[in-house]
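Undergrad: Give me a model of this one.
(chains A and B)
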There are 2 protein chains.
Amino acid sequence: MGDKPEVESISPYGIARSTVQGSPLSKKELEQYDDFFKASLYLSLGMIYLRDNPLLKEPLSKDQLKARLLGHFGSAPGQIFAYMHFNRLIKKYDLDSIFISGPGHGAPAVLSAAYLEGTYSEVYPEISEDEEGLQKFFKQFSFPGGIGSHATPETPGSIHEGGELGYSISHAFGAVFDHPNLIAVTMVGDGEAETGPLAASWHSTKFLNPITDGAVLPILHLNGYKINNPTVLARISHKELEYLFRGYGYEPYFVEGDDVESMHQAMAATLEHCVLEIRKYQKQARDSGESFRPMWPVIILRSPKGWTGPRKVDNKFLEGFWRAHQVPITDVHTSPEHLAVLEKWMRSYEPERLFAGGKISEELKSALCPTGTRRMSANPVANGGIIKKPLKMPDFRKYALKVDKPAVTMDASMSNMALFMRDIVANNPTNFRLFGPDETESNKLGAVYQAGKKVWMGEYFEEDKDGGNLAHAGRVMEILSEHTCEGWLEGYILSGRHGLLNSYEPFIHVIDSMVNQHCKWLEKCLEVEWRVKVASLNILLTAVVWRQDHNGFTHQDPGFLDVVANKSPEVVRIYLPPDGNCLLSVMDHCLRSSNYVNVVVADKQEHLQYLTMDEAIIHCTKGIGIWPQFSTDRGEEPDVVMASCGDVPTHESLAAIDLLLQHFPDLKIRCVNVVDLFKLISHVDHPHGLEDSEWTSIFTDNKPIIFNFHSYPWLVHRLTYKRPGNKNIHVRGYKEKGNIDTPLELAIRNQTDRFSLAMDAIDRMPHLGNRGSAAREKLHNDQLTARNQAFEVGIDPPFLKDWTWPHNGLWKAVIPKLN
Amino acid sequence: MGDKPEVESISPYGIARSTVQGSPLSKKELEQYDDFFKASLYLSLGMIYLRDNPLLKEPLSKDQLKARLLGHFGSAPGQIFAYMHFNRLIKKYDLDSIFISGPGHGAPAVLSAAYLEGTYSEVYPEISEDEEGLQKFFKQFSFPGGIGSHATPETPGSIHEGGELGYSISHAFGAVFDHPNLIAVTMVGDGEAETGPLAASWHSTKFLNPITDGAVLPILHLNGYKINNPTVLARISHKELEYLFRGYGYEPYFVEGDDVESMHQAMAATLEHCVLEIRKYQKQARDSGESFRPMWPVIILRSPKGWTGPRKVDNKFLEGFWRAHQVPITDVHTSPEHLAVLEKWMRSYEPERLFAGGKISEELKSALCPTGTRRMSANPVANGGIIKKPLKMPDFRKYALKVDKPAVTMDASMSNMALFMRDIVANNPTNFRLFGPDETESNKLGAVYQAGKKVWMGEYFEEDKDGGNLAHAGRVMEILSEHTCEGWLEGYILSGRHGLLNSYEPFIHVIDSMVNQHCKWLEKCLEVEWRVKVASLNILLTAVVWRQDHNGFTHQDPGFLDVVANKSPEVVRIYLPPDGNCLLSVMDHCLRSSNYVNVVVADKQEHLQYLTMDEAIIHCTKGIGIWPQFSTDRGEEPDVVMASCGDVPTHESLAAIDLLLQHFPDLKIRCVNVVDLFKLISHVDHPHGLEDSEWTSIFTDNKPIIFNFHSYPWLVHRLTYKRPGNKNIHVRGYKEKGNIDTPLELAIRNQTDRFSLAMDAIDRMPHLGNRGSAAREKLHNDQLTARNQAFEVGIDPPFLKDWTWPHNGLWKAVIPKLN
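TA: Numbers count the residues shown, from 1 in each chain, chains lettered A, B, ... in the order given. Reported below is the predicted structural model:
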């Protein structure tokens, strides 16, 4: 072992060529592995083709085939090969491991494994380990009412579906953080490896501590082809591949070839070497108490796509070419010759011998498969809800901001919430982490570093002591890749822990698709009985669109909410707390919840505070409410409803109420605030939705509603189109305007939005007559003056920023009427 | 040169350490570069701080500072350094080059360059090259009504804003494809380098042909820090960095240190070596006519963040630490001591000497700056509309599908359109490319390979001859990274060419954020007078949600349209052609258009065809229309409007009409089809929107509208909430349901949606009375039967698939009434 010959060929064919030499398998073991390999391959083909005659006891006829052939064979052989050889080491060293199947449509490989290990029949007793069960197992695959062709939530042992490619490595690292004994064996497809998220995630080793965390053993599968193209990494030189992985911080071990016997020996020897390397590094760090970043092993497995299939059919390449990607031979219904080719191929896996009695022999199974939860398909880590412990939560009310009078004191809601977060970090030192793309400090959450520093396994410089907040063992994970952060968090949660991602609002769109996929995973899990609910995935969005003081047009996009709102109502929640106490209450709720994607939007700057903690709890529990302290309708029919959702919009809406009352002290205004966005939608469409009668009691069905919204205005219309009186809703929100793009400019415009809101209200109250017109003109001029002043000086308008309720003594004039 | 010592230190301080040795600069040149460096640095600080006293002719007082300090200094010194030293080579070798500023907030560097080269004053004459101009230049930066702190479209020479990080390398490659003489000097920030899209895009060299394409010279800027964290690449060993870039396929050249004089020599020598390497490789390939993939040079520039600033202020690290990221000293308004530090620092750049007379000396300028379009800030490539040539378009009518009767013949709209695409590729061999993430063949566009193969500069295997369609010089660009494809396409278009991205619909969400940013770029360009319109960015989405036969729940997401619909109506267009001739007409329109993001959604399978080419042209030109051939209202008031948008939904909607007529032959049905989605929105909100009177003439304002939509149903509600009669719109579309997730299952359900649509219509026509109830029950049972049969057999329901208009001879029964 350790001898590293120069391996120049980059063909996947021939006798095994490997970095690690050795023949650890006896002749008998070799035979057993070969049998197990064949049995697994047979199952993979069976899933794709067979509706009946599962063991080919009869000659194969076309009516025993599925009517439509669906599924993918290409990557199955390589994945099976890795899985079963790793099982040897689980048994030999009693390893705690999971298997992550990165290549697209890898289900045949992991389903075969789960079935042969017995796990599948344990969770789905109707899919028994006999001929009848096998027939059902085959038929359900890619069949209506059955299961999909990825490692979907129905797959025992899976935390990674692989429908959308690119996240296997970040999921794997997420799963092993704070699981010091876990090894995540991670197959990475060479197609997947071309994606951005995957390319970035190799650097996760700079954030993995060999003392407190487990290990990822990546197996890059140079399968050679994608759907219709060669892969980049399969067509560069050996030297480049070696360089690339050393550059990423790994020691690469090649296993290449297609000769099965020598490949068995090479893979067995290589995997064992890698496991021993991992254990050596862990021991060294743990014995010494000194963390370091080793060159972790990575295996580069080059085997033909569709390995062990026919190299050519009709003189066209199949094995080792992209034609083996999906259903390898497609016209078996119409071509008797090809049906015969298929049958011969399937029989080459010896189903009658290997599944005599309907299942593989006990001897083979017990020789090769681990048992109980040592089976990768039965490891509870991959059904994280089982091992999840509730967070130890401090009482969020302890962090309450003092609010003697509403809308008088300015306070920093986010920095205050950071104290709550800090104590959650402190209370949960092994099962909660905070993730973010280099924005935690900028997002005013820096207080968490008091309880848990940023994990950093890179080199240290002198200046790091000067506020660097870096440590080998920490609780905050920061890399400038939203993809990697999100992937880590997903892996961390799905393996039974808790976490929060904080991000600038505009760039959360970078992971739209990842969040989509996680929502789908959660939604599907609700259908899978044996899946236990995991912690919610919490996303805190700040540096919001309205306060991009340092940034410009590129940083203005509140549209992530639209993406989330399209997902299943069973799994998505959106909160826009209006002030600091509401933020605390909402965060407490989200961190205690299960199985949701919670999105919380809150600005990081100082803001007026409105509610005491008791009021905030009531408001957040209801999710929507009339705010009597800013209303003048005294429970009667209002002239206008001034509604808001989001902290900055709430501020402006209240200021607009103040402006209106300056002009019309007798106006009956109802102030409504929305925290839980899904309150707006019908209860038929979302469990949080108001009933229409509740809606009408808040918004009326015939009065103008001026709704100031955080995001694009159409989202409110999309949520409320069915509501009584929906024609009366006028929404102000963010709209794309290329002419508002310098830093600060939008902030100024927004801080003068109060005038627009007041004008909108007047426009919808014709009964105000000439007084209305006069007030409108005054408001218009005041707005222009305010904007021009701010533009001239280049600052936030201080006279507006300092606005508090009540303005100009109106408090006294108006409020007594309420009592 | 070429001597490569082991460089072990990874500190950015000290005498220059470089891979390439040499001192190409004379003493006088050294002084000149030092002066130019200082002048540029002075401008960078001036932009951030100064509102007045631009040349510090008076002592600096706080009232001359901007009221709010905004902007970023950290990466400016390194970027300026690279830019000015590359100018030497432009002059020496008459190079055709552009500069791409990857690091975030890099505007001070490129704005300084554009100003000192004179370009800035040419395009903005009011920002003149004198003291008054300089004051305006400073004041406008990050100021309301001014310009942003990224390389926004207002920046001469920019095609890459750098607001959202990660796309500099893919943009650069896009710009040099088919521009054989162009060199894109590309600064890559080490923060940016952590992102997924950037990490993946280094592999672009496997798609760059040294004969037909230009070259990218990346300069990885190891600036050391992001906002609040060290960067990964600045904290790994030298060896790992070298490995990483060799692994990516580049030869790395280090330039490291902070000693200005030796760094000048090292950078000058290194850049020259790299330019000569590039020219050598190009010459070798071009002289021999044999393309190959060289190890292209990459420069790794390690210089301190905020280089040349004070190392410490108040004993806290500034230069070379993350504190130098943004405004380096923030409290200059309130701290006289810090104001003095700032003034001393700014005076160290000698503004009085260097800008004597209000600008740098002609001698310095002419010695160091290229002139005319050789200036990187004035290269027409970076204002691509100038050099854009119209596509040579074949007449799309030539590719018409034959439609004798509507809804009778099945045809493959996409494969047919591929012929049109093939001929566009053939007609435009140097300025049109097709991009896609390994899905072009799967998307039925493979015919294009007849005119232009897939570019592939990786190794070739024997089997590639067997339908591999790979070539060193080709027109199709495929890598399994939507980010890289999109980045290439953006770079290609912004530098004056044309292109199309094809992708599976669900995974286009991967690039939501990139498309957002491109929309913002286009929107902003409309405000910049000297920017000439570029070709539209065309996105063709196929493998649509309704036909994920091989895939499952993960592949179902038609929500990209929601993201796009939030962007400025000035720049976004969405088309859903219902059949093959409409697809041709729409594609022709999109490819001829300018300055839009056009999204076209069309399925790739076989479909019924409805319109002749002449009809299709009329329909697509109008964008929406009543289809009399499927209507029975004969221009009278209809009982119900059956509307559809999208090819699969149109098919189902027509089948529903057929079902309704089977039950109610006298029903007055109006059939409406929407191609141009923005027809639905008010003309006030989008230039394509219908006026309300037009809306009513099509949809009525009082009849039930059963709208079958391709995407999430709420998008239609969001677009139509203002419309007369909007309460009558019932939309069916895609909704997330975890229990519909196996391959084929959704397709089956969708193919039985016709029954649901017919039932929806009946539910909204109470006047049908008992006959309605009876028909409804029958439809419900028929639907169940159809679904159960299809589920049982595991196929598309053939009896439904073969549906044509008219069903059961109804044509004869119904149609005569229309005549």
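Undergrad: Quickly list what the residue of the stretch 251-400 of chain A found nearest chain B is bridged to.
TA: Scanning the stretch 251-400 of chain A for the residue nearest chain B gives A:Phe317, at 4.3 Å (criterion: Cβ to the nearest Cβ). (C-beta placed from N, C-alpha, C; glycine too.) Taking DSSP bridges as the rule, A:Phe317 bridges to A:Lys312.
Undergrad: right, and it touches B:Glu463 too?
TA: Yes: if you go by Cβ atoms under 8 Å, A:Phe317 and B:Glu463 touch, sitting 4.3 Å apart.
Undergrad: So which of these two has more stuff around it?
TA: A:Phe317 (24 against 21; other Cβ atoms under 10 Å in any protein chain shown).
Undergrad: The more buried one and B:Lys206, how far apart?
TA: From A:Phe317 over to B:Lys206 the distance is 22 Å, taken as Cβ to Cβ, to the nearest Å.
Undergrad: again with A:Arg311
TA: 26 Å.
Undergrad: Looking at the two, which is more packed in?
TA: B:Lys206 (21 against 15).
Undergrad: thought that one was touching B:Phe292?
TA: No: B:Lys206 is not in contact with B:Phe292 according to Cβ under 8 Å; the separation is 11.9 Å.
Undergrad: Can you pull the residues that touch both of these two?
TA: With contacts defined as Cβ atoms under 8 Å, 6 or more residues apart in numbering or on different chains, the residues adjacent to both B:Lys206 and B:Phe292 are B:Met457.
Undergrad: elements contacting the helix or strand hosting A:Glu31?
TA: If you go by DSSP states H and E, A:Glu31 is part of helix A:27-49. With contacts taken as 3 or more Cβ pairs under 8 Å, 6 or more residues apart in numbering or on different chains; DSSP states H and E, helix A:27-49 sits against helix A:76-93, helix A:107-117, helix A:131-140, helix A:260-288, helix A:336-347, helix A:351-354, helix A:362-368.
Undergrad: Run through chain A and note the low-pLDDT ranges.
TA: Judged against pLDDT under 70, the low-scoring parts of chain A cover residues A:1-8, A:549, A:738-743, A:796-819.
Undergrad: Could you rerun that using 80?
TA: Residues of chain A that meet the criterion pLDDT under 80 lie in A:1-8, A:548-551, A:738-751, A:795-819.
Undergrad: Where does the record place the domain boundaries for it?
TA: For chain A, automatic domain parsing gives the domain ranges A:17-386, A:396-606, A:623-818.
Undergrad: show me where the stretch 501-650 of chain A has helices.
TA: A:512-525, A:560-565, A:580-592, A:613-622, A:647-663 (DSSP state H, counting those that start in this stretch).
Undergrad: a markdown table please, covering these and showing distance to chain B and mean neighbour count.
TA: As requested, the helices of the stretch 501-650 of chain A are exported to a markdown table (distance: least, Cβ to the nearest Cβ, whole Å; neighbours: other Cβ atoms under 10 Å in any protein chain shown):
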| stretch | distance to chain B | mean neighbour count |
| --- | --- | --- |
| helix A:512-525 | 4 | 25 |
| helix A:560-565 | 5 | 24 |
| helix A:580-592 | 21 | 25 |
| helix A:613-622 | 24 | 19 |
| helix A:647-663 | 17 | 25 |
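Undergrad: Quick one: closest of these to A:Arg723.
TA: helix A:560-565 (15.7 Å; Cβ to Cβ).
Undergrad: what about that closest one, distance to the chain center?
TA: 14 Å (Cα atoms, centre = their mean, to the nearest Å).
Undergrad: elements contacting it?
TA: helix A:512-525, strand A:572-575, strand A:597-601, helix A:714-720, helix B:560-565.
Undergrad: and B:Arg754, which of those is closest to it?
TA: Among those, the nearest to B:Arg754 by Cβ to Cβ is helix B:560-565 (22.9 Å).
Undergrad: and the residue nearest to A:Cys274 when sequence neighbours are not counted, bridged to which residues?
TA: Distance criterion Cβ to Cβ, 6 or more residues apart in numbering or on different chains; nearest residue to A:Cys274, sequence neighbours excluded, is A:Pro297 at 3.9 Å. Going by DSSP bridges, A:Pro297 is paired in beta bridges with A:Glu251.
Undergrad: ok, the residue nearest to A:Gly146 when sequence neighbours are not counted - contacts?
TA: Take A:Gly146 and drop its neighbours on the chain: the residue closest to it by Cβ to Cβ, 6+ apart is A:Gln140, 3.4 Å away. Neighbouring residues of A:Gln140 by Cβ under 8 Å, 6+ apart: A:Ile127, A:Gly146, A:Ile147.
Undergrad: how about those in TSV, adding neighbour count and secondary structure?
TA: Listed next are the contacts of A:Gln140 as TSV, based on neighbours: other Cβ atoms under 10 Å in any protein chain shown; DSSP: H, G, I helix; E, B strand; the rest coil:
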residue	neighbour count	secondary structure
A:Ile127	22	coil
A:Gly146	21	coil
A:Ile147	22	strand
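Undergrad: Just give me the closest of these to chain B.
TA: A:Gly146 (5.2 Å).
Undergrad: Now that the closest one has come up, it's in contact with A:Phe138, right?
TA: No: contact criterion Cβ under 8 Å: A:Gly146 and A:Phe138 do not qualify, at 9.9 Å.
Undergrad: Would you confirm that A:Asn469 contacts A:Tyr449?
TA: Yes: here A:Asn469 lies in contact with A:Tyr449, judged by Cβ under 8 Å, at a distance of 4.3 Å.
Undergrad: List the residues that contact A:Ala268.
TA: A:Gly22, A:Pro24, A:Leu25, A:Tyr33, A:His85, A:Arg88.
Undergrad: oh sorry, the question was meant for A:Pro156
TA: Residues in contact with A:Pro156 (Cβ under 8 Å, 6+ apart) are A:Ala114, A:Thr119, A:Tyr120, A:Glu122, A:Val123, A:Ser377, A:Ala378, A:Ala382, A:Asn383, A:Trp530.
Undergrad: Can you tell me the closest non-neighbouring residue to the second one?
TA: Spatially, and ignoring its direct neighbours in sequence, A:Thr119 is nearest to A:Ser377 (4.0 Å; Cβ to Cβ, 6+ apart).
Undergrad: Count the residues that sit near the one you found.
TA: Neighbours of A:Ser377 (other Cβ under 10 Å): 27.
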